[in-house]
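Asks: Below: sequence and its predicted model.
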Amino acid sequence: MVATIAFGMGIDKPDVRFVAHLDLPKSVEGYYQETGRAGRDGLPSTAWLSYGLQDVVQQRKLIDSSAGDEAHRRRQGMHLDAMLALCETVGCRRVQLLGYFDEQSEPCRNCDTCLTPPQAWDGTVAAQKLLSAVYRLRSERPSAVRRGPCHRHPARQADAQGRPARARHPHRVRHRHRPARHRVARIVRQLLAQGLLAVEGDYGTLVLTDGSAQVLRKQRPVMLRREPERAAKAPRARKAGTVADLPAEAAVVFERLRTWRSARAKEQGVPAYVIFNDATLREIATTTPSSLVELGKVSGIGEAKLARYGQQVLDALGA
């Protein structure tokens with residue numbers, strides 16, 4: 001396994017089977033070149049990408065603060081938009097990828113969107129609500145939106161109906177409804193991919209685009225990719241090597257062996273697993289060998305450990 005950001009230095013291995021991106025590449029060209037390191041021997045390989053809304057915001061900020069001229073920043077923004085569109089597509093990724101390079105292709109029937117086609121839904125109303133919220137927040141003072149109620153200016157602490165501004169504080173709503181936060185982030189990400197939102201400024205502020213106005217005027221429908229809801233966390237599996245899943249008689253022997261192992265480990269000043277791991281003790285407790293020959297057949301007991309601990313284990317079994 002190799003972790004690197006230096007793809008340009010070259011990876012001279014034809015049998016790379018897996019390439020993982022842990023954040024969003026800056027361009028489709030870069031992504032194509034980096035994933036091309038896998039499977040150069042012609043055998044099946046996997047390219048896996050994980051990214052989030054924060055990646056988009058961070059890259060927009062880097063583009064806006066870059067030293068290049070306006071034309072350079074515009075080109076970088078177009079590269080990022082194309083990369084985001086590849087990530088958010090509901091069609092075949094190979095078709096989308098090669099289409100970026102003006103090449104035609106049939107669906108590959110091998111990428112994730114081909115194997116498990118994502119569902120699309122009419123997100124026009126949801127997009128209008130989110131774009132309206134962005135418009136309203138942008139029309140307010142940034143300090144009031146970002147910092148919440150200002151105690152030095154009582155007039156800002158109530159809305160037109162006299163309700164406290166604290167009740168409308170976006171952060172308080174966010175923390176009270178955590179599942180909704182994930183749904184909003186998905187919609188924002190897809191609106192960015194479709195050019196219906198943009199990011200500007202040092203704080204990664206969302207702003208409207210020309211396309212936003214068409215959506216708000218109901219002149220343009222918005223289809224969004226339906227993503228599966230986050231599955232509830234499964235209960236933690238019972239730790240292997242415990243007594244609970246052993247027969248009662250074997251459980252007693254297992255605990256006796258663990259006591260013996262703990263004493264030996266303390267004498268030698270080493271971790272207990274260096275003597276024998278739990279799997280080995282479980283097998284001994286289950287099979288109860290009666291001789292060194294039988295004990296030597298247990299997984300995890302080689303000649304050296306058999307010579308050093310074999311008789312002690314038999315004595316512990318016979319105690």
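Replies: Thanks, I have the structure now.
Asks: which residue ranges form the helices in the stretch 1-150 of the chain?
Replies: 28-35, 53-64, 70-88, 93-100, 112-115, 124-139, 142-147 (DSSP state H, counting those that start in this stretch).
Asks: buried sites along the first one?
Replies: Applying a neighbour-count criterion of 16 or more other Cβ atoms under 10 Å, the buried positions in helix 28-35 are Val28, Tyr31, Tyr32, Glu34, Thr35. Bear in mind the C-beta positions are built from the backbone N, C-alpha and C, glycine included.
Asks: go on, the fifth one?
Replies: Of all the residues in helix 112-115, those buried under the rule 16+ other Cβ under 10 Å are Thr113.
Asks: Which elements pack onto that helix?
Replies: helix 93-100 (3 or more Cβ pairs under 8 Å, 6 or more residues apart in numbering; DSSP states H and E).
Asks: what's the angle from the helix it packs on to helix 70-88?
Replies: Angle of helix 93-100 versus helix 70-88, following axes from the mean of the first three to the mean of the last three Cα atoms, to 10 degrees, is 160 degrees.
Asks: tell me which strands and helices helix 93-100 is in contact with?
Replies: By 3+ Cβ pairs under 8 Å, 6+ apart, helix 93-100 packs against helix 28-35, helix 70-88, helix 112-115.
Asks: Contacts for the second one next, please.
Replies: The reference is to helix 70-88. With Cβ atoms under 8 Å, 6 or more residues apart in numbering as the contact definition, helix 70-88 has outside contacts at 24-29, 31, 49, 51, 56, 59-60, 63-64, 66, 68, 93, 96-97, 100, 189-190, 192-195, 225.
Asks: Any of those buried? List them.
Replies: Among the contacts of helix 70-88, those classed as buried by neighbour count (16+ other Cβ under 10 Å) are 24-25, 27-28, 31, 49, 51, 56, 59-60, 63, 93, 96-97, 100, 189-190, 192-194, 225.
Asks: Using the record's domain definitions, break this protein down for me.
Replies: 14-115, 119-147+180-228, 248-318 (automatic domain parsing).
Asks: Now the weakest link among those domains, please, by mean pLDDT.
Replies: Of all those, mean pLDDT reaches its minimum on domain 119-147+180-228 (a mean of 77).
Asks: for the stretch 151-300 of the chain, what spans make up the strands?
Replies: 197-200, 205-208, 223-226 (DSSP state E, counting those that start in this stretch).
Asks: So which bits of the last one are buried?
Replies: By 16+ other Cβ under 10 Å, the buried positions in strand 223-226 come out as Leu224, Arg225.
Asks: residues in contact with Leu97?
Replies: So Leu97 contacts Val28, Tyr32, Leu86 (Cβ under 8 Å, 6+ apart).
Asks: The first one and Val19, how far apart?
Replies: Read it as Val28. Per Cβ to Cβ, to the nearest Å, Val28 is found 15 Å from Val19.
Asks: Settle this for me: Trp260 is touching Ala316, isn't it.
Replies: Yes: under the criterion of Cβ atoms under 8 Å, Trp260 makes contact with Ala316 at 4.5 Å.
Asks: Can you name the residues that contact Pro221?
Replies: The contact partners of Pro221, taken as Cβ under 8 Å, 6+ apart, are Asp122, Thr124.
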